[in-house]
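**Q** Here's a sequence, model it:
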Amino acid sequence: MILENFSFSGIIVALMCMALLLSKKKNSSSDYYLIIWLLVCTANLVYYLFPAFLPEQFQSFGFALPVLSTGMLYLYVISITFNIPFHPNYLIRHSVFFIVYSCIFTGISTFYSRIGFKNSIPYFMDSHSNEILDFLTFPMAAVPVVYIVLCFLALRKYQKMLPEYYSALERINLNWLKYIMVSLIILFIGVFFMIALGTKTDLIPRGRIFQTVAAVQSGYLLCIVFFSLRQSIVFNQQGTLDINIVTDKEEKVNIQTQKHSDESAQKLLEFMQKERPYLDEELSLQKLSLLMEVSTHQLSQTINQGLNTNFYRFVNAYRIEEVRKKLRDPEFEKYSILGIAFESGFNSKSTFNKIFKEETGMTPSEFKKSESAKK
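**A** Next comes the predicted model:
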């Protein structure tokens, strides 16, 4: 009963989240992909709780819903990381395997031997080798894992590129989603072995296998909904990587003369010294390019090639220098170290401590003590 109630809560949360997203005046592409994923998850949970409601000839479509779910999750991940547009072609492309796989099940059931479903687990109604059924059900474990690995690789690529575009990564690095992807791989492999044990032995009651899976899936759904809604607020404020800009940067090869590169670098250094844009905690490459009235590609090239660093380290080096200057200034003696850090453009204590240690070789407290000793 507890498992069923938890699964029901997952369905209710998914429906409420969809209603909330649809009520927004303006939805992003990732919002639409999230709605589609939630819709598939809801259908999946309903199937696990009430498999008998689905006609026998369509049971294979309910059984294959996790494949469709991970495909939609992949689209959500690449939309939230690289801002791909919402397009029906993407949905169709990542639904093809689900449709073909379900149709193969139906075809075998019609022309070879009748396949029945008991507690959402397929079996041959006539006595046939279980090896054929194992072969048929293997994609249910393999394909979702492939999709989740693709999600993980997309997240890794996104996190590697973030320092080129943003000066503060704490709230947009999507570590929470990376951890969920890793645990999902373990989950799908575990589910595959649960089904194998449940069908071949009596160690796991067949009637409880997919009830347990539904409860676990509800837990993941609750986590992803919570973090996704929180993350969308941050992305609305700060933005995310645009796939067109990223592709443009990767494909363009603009070889500058050394003189022009030096001039651009000097102009950038003078602007940073005079205008101090690094005090803006949400400073991004795009914001700085607008302030300097240059293209993001040109600015990125100046930082990467002219100054031999990335945007993240470049901006935070100025913030660290600002902190050091204020720690030496008697006017800031009454300020806490963290207060000075926030005044200097940082928005995270952990990020500040990490960068300060890397830049100075000391913790902020050690630096403050050494300055006090000098006085």
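**Q** Around Asp262, how many other residues sit close by?
**A** Burial of Asp262 is recorded as 13 neighbouring residues (other C-beta atoms under 10 Å). Using the backbone N, CA and C atoms, a C-beta is placed for each residue, glycine as well.
**Q** Tell me, what's the model's pLDDT at it?
**A** pLDDT for Asp262: 77.
**Q** three-state assignment of it?
**A** Here Asp262 is helix, with the state taken from DSSP: H, G, I helix; E, B strand; the rest coil.
**Q** Which residue is the nearest non-sequential neighbour of it?
**A** The shortest distance from Asp262 to any non-neighbouring residue, by C-beta to C-beta, 6 or more residues apart in numbering, is to Gly306 (6.9 Å).
**Q** Would you mind confirming that that neighbour makes contact with Ala265?
**A** Yes - the criterion here is C-beta atoms under 8 Å, and Gly306 meets it with Ala265 at 3.7 Å.
**Q** Who has more neighbours out of those two?
**A** Under the criterion of other C-beta under 10 Å, the comparison of Gly306 against Ala265 puts Gly306 first, with 19 against 16.
**Q** Return the residues in contact with that one.
**A** Gly306 makes contact with Ser261, Asp262, Ser264, Ala265, Leu268 under the criterion C-beta atoms under 8 Å, 6 or more residues apart in numbering.
**Q** Identify, from these, the entry nearest to Asn44.
**A** Nearest to Asn44 out of the contacts of Gly306 is Leu268 (C-beta to C-beta; 51.2 Å).
**Q** Relative to Met161, how far out is the spatially closest residue to Gln286 that is not a sequence neighbour?
**A** Closest residue to Gln286 apart from its sequence neighbours, by C-beta to C-beta, 6+ apart: Thr296 at 5.6 Å. With distances taken as C-beta to C-beta, to the nearest Å, Thr296 is found 13 Å from Met161.
**Q** From the neighbour counts alone, determine which of those two ranks first.
**A** Taking other C-beta under 10 Å, Thr296 and Met161 do not tie; Thr296 has more neighbours (21 against 17).
**Q** just checking, Lys368 touches Arg328?
**A** No - the criterion here is C-beta under 8 Å, and Lys368 misses it with Arg328 at 9.3 Å.
**Q** Compare those two (neighbour count), which wins?
**A** Counted by other C-beta under 10 Å, Lys368 and Arg328 do not tie: Lys368 has more neighbours, with 18 against 14.
**Q** Now do the contacts for that one.
**A** Counted by C-beta under 8 Å, 6+ apart, Lys368 has contacts Leu327, Ile337.
**Q** Quick check: it vs Val40, distance?
**A** Look at Lys368 and Val40: by C-beta to C-beta, they are 54 Å apart.
**Q** Ok, Tyr112 next?
**A** Tyr112 is 28 Å from Val40, by C-beta to C-beta.
**Q** quick one: which of the two has more around it?
**A** Legend: neighbour count by other C-beta under 10 Å for Tyr112 and Val40, higher for Val40 (22 against 12).
**Q** Surely Val77 is within a strand?
**A** No - counting by three-state DSSP, Val77 is not part of a strand but helix.
**Q** was I right about it contacting Leu155?
**A** Yes - between Val77 and Leu155 there is a contact under C-beta under 8 Å: 6.6 Å.
**Q** Now for those two: what residues contact both?
**A** Residues touching both Val77 and Leu155 (C-beta under 8 Å, 6+ apart): Leu177, Met181.
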